[in-house]
Every structure is written in C-alpha cells, then in structure tokens.
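> Below are the sequence and a predicted model for it; my questions follow.
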Amino acid sequence: MSITGTVPAACKSWAGDPREVLPADHLDAILVGRVWDPRVDGPTPVVVRDGNVLDVSESYATVRDICETPDPARAAAAATGRVLGPVLEIIANTTAPDGRPTLPTLLAPVDLQALKAAGVTFAASMIERLIEERAAGNQAEATRIRKTLAEQGVTTDLADLEPGSAAAARLKASLVAEGYWSQYLEVGIGPDAEIFTKGQVLSAVGTGVPVGVRRDSSWNNPEPEVALLVQSSGRPVGATLANDVNLRDVEGRSALLLGRAKDNNASCALGPFIRLFDDDFGMDDVQDMTVTLDIRGEDGFALTATSEMAEISRTPMALIRQMMGQHHYPDGAVLMLGTGFAPVQDRGAAGEGFTHARGDIVRIATDSLGTLVNRVLPSDECSPWTFGAGDLMRNLARRGLL
C-alpha cells in the first residue's frame, strides 16, 4: 500500500518526487520525526499517520521524550494532536526550489540525542582508511597503495575475521612484522571499536536540504549508513538513515584531525523519519538491510553502490555496548553504524578516484526506512546552524510545553 493523491508542483525540485522519501510499507510503519512549524516559530515532534503529519507536542515536547518512554512505538501510535498537513505536501515544502518559510518543513528526526558514529565497521571501508592514512590524503598515492596492499593479501577477506578474536590477534602480529599495521586495522579487527562524536546535539540536517563539505577539502565522499535510536538505558528503539559525510584528505593527513573531518556545518544528515521498533520491525530487520547509494552530478557523473548490513564486522548491539560503556547519555543517542561503501571509481583523471563536486545529489535508501536525499554544497554555503539547545528550551517554555 502507498499514499496516493495529487503531489504538489513543488516536488519538481532537485530532490525528486516526495513519494520516494517514504518507506515502501509506510502505512504499516510507526514513523516519528520533527517539523519546523512557522506558527510556533520552532520545531515540533510529529507522527506520520494515514498520510498526514500530526503535531504531538502536547503529549511529548521532544522526540527524545517519545524515545525514552517504556514502549516508544506504542506511545507514538497512541499520541494525538493537530494535523499539520499531508506528509507529501510537507516533504514538498521542504524541497521547494523557491523556499517556503511560511509552511511546515521537515527537520532531522532527532533533537536532544547525542550524535555518535561508529567507524571502520566494514572490511572494505577499513582497508580504505588504511589507504587514506598511508597516502596522507594524496589520491594518486592511494591508488598505488591499494594495488600494493592487494598484492600483499590485505583485502576485504578480512571481513571473515571476528574483531578481538585470537585469529585477529595473530593477523595483527603478522601485519606488524611486515610493517603494515595501522590504527585503522586496530579498531577494525582489534577488541575496541571506533566510536566518535559526529556532531553537536541539534546540529544534524534532515532530508531534502543541502549537506556540506569543507571548501578546503579536495577528497571527500558520502557515507551511507543505518543509524539506531538508542535510549539512555542502552536499548535500541528505532532506526533511520544517515550520511556521515567524510573528508578523506583531512582525516588521511592525521587521525587527530577527525573532528575537523567530521564535525562541520551541515555535515551530518539524518532521516527522513525514525521508524520505531514494533512487532513488525526490529533489530533483525536492521541487520538484514541493504542500503543503496546513488550519486548524480551536474557534470553527468553517476555512481551507484550498495552496503549490506549483514557484512558488518561487529553486531549493532556490540557497537551499542561499546558506545554506552561507563558513559551516560541521559537523553539517549543516535548511533551511526558505519558503511561498507568505499568509493574508488575515478571521476576525473585516471587514478584520482572519487570526490564530490558541487551540486551532487546523494540518495541513500532502503525499503523499510525510505530515502534520505541531500544536495552537496560547501559547508559555508549551507544554511547556518543557529537554533541550539538554549533556543529550543526557550521556545518550548513560551509554548507552555515545559
């Protein structure tokens, strides 16, 4: 089943048809998100129901509040509120080429949750991180190293290894002896996962708006991922799609530049909605997902790829446990699980590999979560992030929701 009816003319924007944004079985899914509502000059948590978007702020002031209930899916399904409009119209408002500041628009579907990400969780991306490090951000050198490593047997066959196992320890010893050990292999096959902070609370952008890369980066790519919504207790309660934009030249120069490579204006995209776990959708579905990536450039360049969650080297629950550790996340967290996408397709000169160009349209999709679509621009040309936690608290107080 799917939503039918007239699609607003505004859908004829760079983001495509609004109907492509929704999960294939959206009428059977419990979808939660956030909308900027001009009537209250602020964000409001919403539930998608029967093709409409309901403002549920009278019951739950934030998405965090929904996710922290004992049964978020039940809470969202039972929530009532005023209808903000048909979901297709709100998606179209968000992507309208002329901008529609007087109408509701979609935001990233999380608010007070910490923005966390796991890195080097797929063998293919692990090898590419090793190459980045050895190439020190030089694309041509990366091509040479990639060939050399393959000749030495350092390939994606590492996916068969269990991180932290005795076999992984033996491989580590062998690679150290041969001079091929790396901090990326350490987190890829060692006992400890790479878990980092992707961005600041409230800084993520949603679907249908630009995503940013630093203007001084010349080697970068999208990272199509599944992200889990995790309660403060450590229990996963839902999932969404993510683009953990990566600046390969910056991180390749030094892992100590990870913050510079990852945390920039509009560099974290999430959406379109959170699909909450219920009797029909859960962690088993997440672990079986195929995530597709489609990149279309204004120069005619096209790239398609897939990432199979079944190929992840650590289970999502193992990554959650490593994230939680002894740390406290009183508002929960969204954890991006990493990607198997490792782009090596040449875009320009032979051997230079892939990097973004201004205006690229990036679509990340899976049937059960829908499509996250963003246009790539320099970070300093994306809408500045100015609405922080203090603004949210003041806005909610004015509305009598605190």
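Looks like it arrived, so ask away. Remember, it's a predicted structure, so these values are computed and weren't measured experimentally.

> okay, which residue is most central for this structure?
Ala242 (1.3 Å; CA atoms, centre = their mean).

> Mind pulling up the pLDDT for that residue?
pLDDT, Ala242: 98.

> surely it meets Pro272?
No: Ala242 lies out of contact with Pro272 (CB atoms under 8 Å); the separation is 11.3 Å. Placement of C-beta: from N, CA and C, glycine included.

> so what's in contact with these two at the same time?
The overlap between the contact sets of Ala242 and Pro272 (CB atoms under 8 Å, 6 or more residues apart in numbering) consists of Leu372.

> Okay, domains of the protein per the record?
Taking automatic domain parsing as the reference, the chain has its domains at 20-109, 114-120+195-383, 123-189.

> Those: which one's closest to Leu396?
domain 20-109 (5.3 Å; CB to CB).

> Give me the distance between the two termini of the closest one.
17 Å (CA to CA, to the nearest Å).

> Please apply the same query to stretch 169-188.
Chord length of stretch 169-188, first to last residue, is 12 Å (CA to CA).

> Distance of Ser165 relative to Gly190?
Separation of Ser165 from Gly190 (CB to CB, to the nearest Å): 10 Å.

> Neighbour count for those two, which is higher?
Gly190 (16 against 12; other CB atoms under 10 Å).

> Surely that one touches Val176?
No: counting by CB under 8 Å, Gly190 does not reach Val176; the two are 11.9 Å apart.

> in the stretch 1-150 of the chain, which spans are helices?
Remark: helices assigned in the stretch 1-150 of the chain by DSSP state H, counting those that start in this stretch are 63-67, 72-78, 87-95, 123-135, 139-151.

> which one of these lies closest to Arg19?
Nearest to Arg19, of all these, is helix 87-95, at 6.6 Å by CB to CB.

> average pLDDT for the closest one?
Helix 87-95 carries an average pLDDT of 92.

> could you dump that helix to PDB, C-alpha only?
Coordinates of each C-alpha in helix 87-95 appear next as PDB, following Å, rounded to 0.1, in the frame of the first residue of the first chain:
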ATOM      1  CA  VAL A  87       3.100  14.300   4.600                       C
ATOM      2  CA  LEU A  88       3.700  14.600   0.800                       C
ATOM      3  CA  GLU A  89       3.000  18.400   1.000                       C
ATOM      4  CA  ILE A  90       5.400  18.800   3.900                       C
ATOM      5  CA  ILE A  91       8.100  16.900   2.100                       C
ATOM      6  CA  ALA A  92       7.500  19.100  -1.000                       C
ATOM      7  CA  ASN A  93       7.500  22.300   1.100                       C
ATOM      8  CA  THR A  94      11.000  21.200   2.400                       C
ATOM      9  CA  THR A  95      12.400  20.700  -1.100                       C
END
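
> just checking, what packs against it?
Of the remaining helices and strands, those touching helix 87-95 by 3 or more CB pairs under 8 Å, 6 or more residues apart in numbering; DSSP states H and E are strand 52-55, strand 105-107.

> most packed of the ones you listed?
strand 105-107 (a mean of 24; mean count of other CB atoms under 10 Å).

> Note down every partner strand of that one and its orientation.
Paired with strand 105-107 in the same sheet, following DSSP bridges, are strand 31-37 (antiparallel).

> separation between Pro101 and Val87?
From Pro101 to Val87 the distance is 19 Å (CB to CB).

> burial measure for the residue lying closest to Arg64 once chain neighbours are set aside, as a count.
Leaving aside its sequence neighbours, Arg64 sits nearest to Leu112 (CB to CB, 6 or more residues apart in numbering; 4.1 Å). Neighbour count for Leu112, taken as other CB under 10 Å: 20.

> is it true that Leu112 touches Ala61?
No: between Leu112 and Ala61 there is no contact under CB under 8 Å: 10.0 Å.

> mind checking how far Asp280 is from Gly16?
Counting by CB to CB, the separation of Asp280 from Gly16 is 27 Å.

> Which one of these two is surrounded by more residues?
Neighbours per residue (other CB under 10 Å) separate Asp280 from Gly16, with Gly16 holding more: 17 against 12.

> mind listing what that one touches?
So Gly16 contacts Arg363, Val373 (CB under 8 Å, 6+ apart).

> and Trp385, what helix or strand is that in?
Assigned by DSSP states H and E, Trp385 belongs to neither a helix nor a strand.

> Name all residues that make contact with it.
Trp385 makes contact with Leu202, Ser203, Asn265, Ala266 under the criterion CB under 8 Å, 6+ apart.

> For it, report the pLDDT, please.
So Trp385 comes in at 95 (pLDDT).

> How about Arg129?
67.

> shift numbering so it begins at 28
All right, first residue 28 from here; so that's Arg156.

> Can you tell me the closest non-neighbouring residue to Cys173?
One thing to correct before we go on: residue 173 is Arg, not Cys. Per CB to CB, 6+ apart, closest to Arg173 is Ile158, 5.4 Å.
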